[in-house]
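Visitor: Sequence below, structure please.
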Amino acid sequence: MENYLEINKKSWNAKVEPHLKSDFYFVDEFLKGRNSLNSIELDLLGDVKGKSILHLQCHFGQDSISLSRLGAEVIGVDLSDKAIEAANNLAKQCETDTKFICSDVYDLPNVLNEKFDIVFTSYGTIGWLPDLNKWAKVINHFLKPNGKFVMAEFHPVVWMFDDDFNGITYNYFNEKPIVETYEGTYADFSADIVQDYVMWNHSLSEVFQNLIKNELTIENFQEFDWSPYPCFKHIDEFEKGKLRIEKFGNKIPMVYALSAQKKSS
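Guide: Prediction:
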């Protein structure tokens with residue numbers, strides 16, 4: 001899929017406007033000071049005051065700005081130029097000094113020359129990347145010695161099912177690109193947009209081994225039987241801010257999170 005970047009950039013550009021208007025992203029509340037980060041990632045990030053953070057695949061920057069509000073110096077990165085335009089506008093309205101760069105993750109070392117205390121990515125990001133070895137190399141490149149990588153992501157088991165969770169449709173392992181057309185968006189299933197996209201499923205072992213291979217030591221790994229986001233069909237909020245697929249209850253993992261440290265030399 002040589003043109004996957006072009007296809008996915010177009011897809012994410014189409015999502016920006018409906019996402020900004022959606023309840024999912026609660027922009028009005030966010031502008032009034034609501035933090036968009038969840039306990040899952042906050043527990044792994046720890047105290048970020050005074051830390052430099054690179055946020056990969058930041059969409060229109062709510063989590064980046066939330067980290068700035070917590071006292072971090074943040075640069076957010078995203079493939080979508082429309083998302084980065086919206087992120088800059090949002091940061092201006094929030095009066096934070098969050099910076100944003102429009103770039104493909106793999107090309108970022110060619111456009112950014114800094115090192116960071118923390119590299120961060122979260123929820124629905126790595127599925128847009130075909131090669132996790134290249135991804136882990138980028139993470140290593142941007143981390144200072146003893147720097148920390150933190151990620152929270154939807155569990156690969158969830159991506160095995162069809163959208164209605166009636167059966168297993170996709171391979172758990174990274175067998176081949178998944179090329180599909182989707183109506184609506186996870187933030188608004190009724191949104192009047194139709195997008196082509198290209199994605200890849202990544203097993204846990206693929207994530208772990210590529211981080212390890214690129215000199216990152218896994219320090220913390222957790223799995224959760226709930227999601228903080230209502231981005232799937234047939235979802236049930238069993239507790240405030242915690243959602244599960246109704247028919248599965250707590251029987252499948254929904255999210256995982258990890259932290260890893262770069263070796264000092």
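
Visitor: Quick check: which ranges of the stretch 101-250 of the chain have low pLDDT?
Guide: Counting by pLDDT under 70, the stretch 101-250 of the chain shows no low-confidence range.

Visitor: where do the strands sit along it?
Guide: 116-122, 143-154, 178-183, 194-199, 216-224, 235-239, 242-245 (DSSP state E, counting those that start in this stretch).

Visitor: Deepest-packed of these, please.
Guide: Burial among these, expressed as mean neighbours by mean count of other CB atoms under 10 Å, is greatest for strand 116-122, which shows a mean of 24. Backbone N, C-alpha and C define where each C-beta goes, glycine included.

Visitor: what pairs with it, and is each one parallel or antiparallel?
Guide: strand 52-56 (parallel), strand 143-154 (parallel) (DSSP bridges).

Visitor: Report the backbone C-alpha coordinates of that strand in PDB.
Guide: Extracted as PDB, the C-alpha positions of strand 116-122 are listed here (Å, rounded to 0.1, in the frame of the first residue of the first chain):
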ATOM      1  CA  PHE A 116      12.400  14.500  25.000                       C
ATOM      2  CA  ASP A 117      11.900  13.300  28.500                       C
ATOM      3  CA  ILE A 118       8.700  11.400  27.500                       C
ATOM      4  CA  VAL A 119       7.300  10.200  24.200                       C
ATOM      5  CA  PHE A 120       3.500   9.500  24.400                       C
ATOM      6  CA  THR A 121       0.900   8.000  22.200                       C
ATOM      7  CA  SER A 122      -2.700   6.900  22.900                       C
END
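
Visitor: Include distance to residue 135 when you put the strands of the stretch 101-250 of the chain into JSON lines, please.
Guide: Shown next, in JSON lines, are these (distance: least, CB to CB, whole Å):
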{"stretch": "strand 116-122", "distance to residue 135": "9"}
{"stretch": "strand 143-154", "distance to residue 135": "10"}
{"stretch": "strand 178-183", "distance to residue 135": "17"}
{"stretch": "strand 194-199", "distance to residue 135": "14"}
{"stretch": "strand 216-224", "distance to residue 135": "11"}
{"stretch": "strand 235-239", "distance to residue 135": "28"}
{"stretch": "strand 242-245", "distance to residue 135": "27"}
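
Visitor: Between these, which one is closest to residue 38.
Guide: Nearest of the strands of the stretch 101-250 of the chain to residue 38, taken as CB to CB: strand 143-154 at 7.3 Å.

Visitor: longest helix in this protein, by residue count?
Guide: Once the chain is assigned using DSSP state H, the helix that runs over the most residues is helix 4-21.

Visitor: Could you give the average pLDDT over that helix?
Guide: Averaged over helix 4-21, pLDDT sits at 97.

Visitor: One more: stretch 254-264?
Guide: 96.

Visitor: Contacts for it, please.
Guide: Contact with stretch 254-264 is made by 40-41, 44, 123, 140, 143-155, 158, 204, 207, 211, 215-228, 243-245, as judged by CB atoms under 8 Å, 6 or more residues apart in numbering.
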